[in-house]
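1. next one to model:
(one chain, ligands or ions: 1)
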Amino acid sequence: MSNIGDLQSLSSSITAVTSPFRNYLNDVHKKYRSLNDGAVADYIPELALAKPEWFGICVVTAEGQVFEVGDCDQLFTIQSISKAFVFGLALEDHGREYVNSKVSVEPTGEAFNSIVLDEATNRPYNPMVNAGAIATADLIKGQNGTERLKRLLEMFKRYTGRDHDINVPVFLSEKATGHRNRAMAYLMLNFGMVSEKLDETLDLYFQQCSILVNAKDLAMIAATLANGGINPVTKERAVDERYVQDIISVMLTCGMYDASGEWAYRVGMPAKSGVGGGILAVVPGKLGIGTFSPPLDQKGNSVRGIKVCEELSRDFGLHLFSVAKPERNLQEWIAGDSINDW
Ligand code: GLN
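-> Model (predicted):
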């Protein structure tokens, strides 16, 4: 025992067994807390209110063990992370064939808000760039905007196990300033790639970006995918098992904007980031990671979030294509942990 903190954690763990993995996560958090690179998104004033020092890391295993450190309850807007799951719902609503006729699955290598469609088919490149996400939102079934939004919120509830709200000021300013998104939406309408109810769909897109989540939610969503679409704590199915593979493969190739290739190479986990500062990463069959830290790099990905995922991937051999024996064995590091603070 080297200090008061250690003594305190000893006394609070008398009835519960903690694993070395909790200390490991604390160390990673401590290490990157002082990394002050990047800038908080400020394209709308509400996002600029985020504190650069907010920093949370949460890991949930496919068995439902929850490990968290830092600001894991702080709410923020899900932004682009929503795109992966709206894609899942569109697949459930229409099937693979039809969805693919409207949205391709090819990485663009360009920024998430680029106004570019595939020349041969007029399809947006993939569901993770804004154009593709708007075309995907267009596919969400429902009588009207309210019902379609309700279906999205119910879906997120299945993934996280709790109710979600919209950040209304964020929604309204996304809507008020979203001319570029509107422009690409109307370009797609011109080509007949989206339906006439486009204004309702744009509202839905701005609303899906404004859904409030925290780092724990992100980790739980990721763990649900890792667990084949079933939330490992509530045991509720969030998405049809057939489409889990679709969601995570597009996350791997397109989830980190135009840094997806570098991410796949370095981290090797299907992941999705959002300009609110969240990153969600999936290790299929094993675990989900959720990180939250608002300062972003040039490409729009959370600087500290990238570092944390890189470190976890390296230390525990979590890269999808890792064949070498990892430095640390995750099963051993989490073994015996009896705390479930979800
Ligand atoms: N609301 C943002 C937009 O449409 C979403 C961007 C993001 O997280 N990359 O521009």
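2. who in this protein is up against the ligand?
-> Residues of the chain found near the ligand (CB under 6 Å from any ligand atom) are 79-80, 112-113, 130, 174, 181, 209, 274-275, 300. Every residue, glycine included, has its C-beta placed from N, CA and C.
3. distance check, Val105 against the ligand.
-> When CB to the nearest ligand atom, to the nearest Å is applied, the distance between Val105 and the ligand equals 18 Å.
4. same check on Pro295?
-> As defined by CB to the nearest ligand atom, Pro295 lies at a distance of 14 Å from the ligand.
5. residues touching Gly132, list them.
-> Gly132 makes contact with 83, 103-104, 124-126, according to CB atoms under 8 Å, 6 or more residues apart in numbering.
6. now swap in Val283 and tell me
-> Counted by CB under 8 Å, 6+ apart, Val283 has contacts 226, 269, 289, 318, 320.
7. pull up the per-residue confidence for the nearest residue to the fourth one once chain neighbours are set aside.
-> For Leu318, the nearest residue in space outside its immediate sequence neighbours is Val283; the separation is 4.9 Å by CB to CB, 6 or more residues apart in numbering. Each residue has a pLDDT score; the one for Val283 is 98.
8. now do Gly88
-> 98.
9. roughly how far does it sit from the ligand?
-> Here the distance between Gly88 and the ligand works out to 17 Å (CB to the nearest ligand atom).
10. what about that residue, distance to Arg180?
-> Per CB to CB, to the nearest Å, Gly88 is found 25 Å from Arg180.
11. one more: Ile230?
-> Computed with CB to CB, the distance linking Ile230 and Arg180 is 37 Å.
12. and those two? which has more neighbours close in?
-> Taking Ile230 and Arg180 together and counting by other CB atoms under 10 Å, Ile230 has the greater number of neighbours (19 against 13).
13. who's in contact with that one?
-> Listed by CB under 8 Å, 6+ apart, the contact set of Ile230 reads 224, 236-238.
14. give me phi/psi at it?
-> Dihedral angles of Ile230 (phi, psi; degrees, to the nearest 10) stand at phi -110, psi 130.
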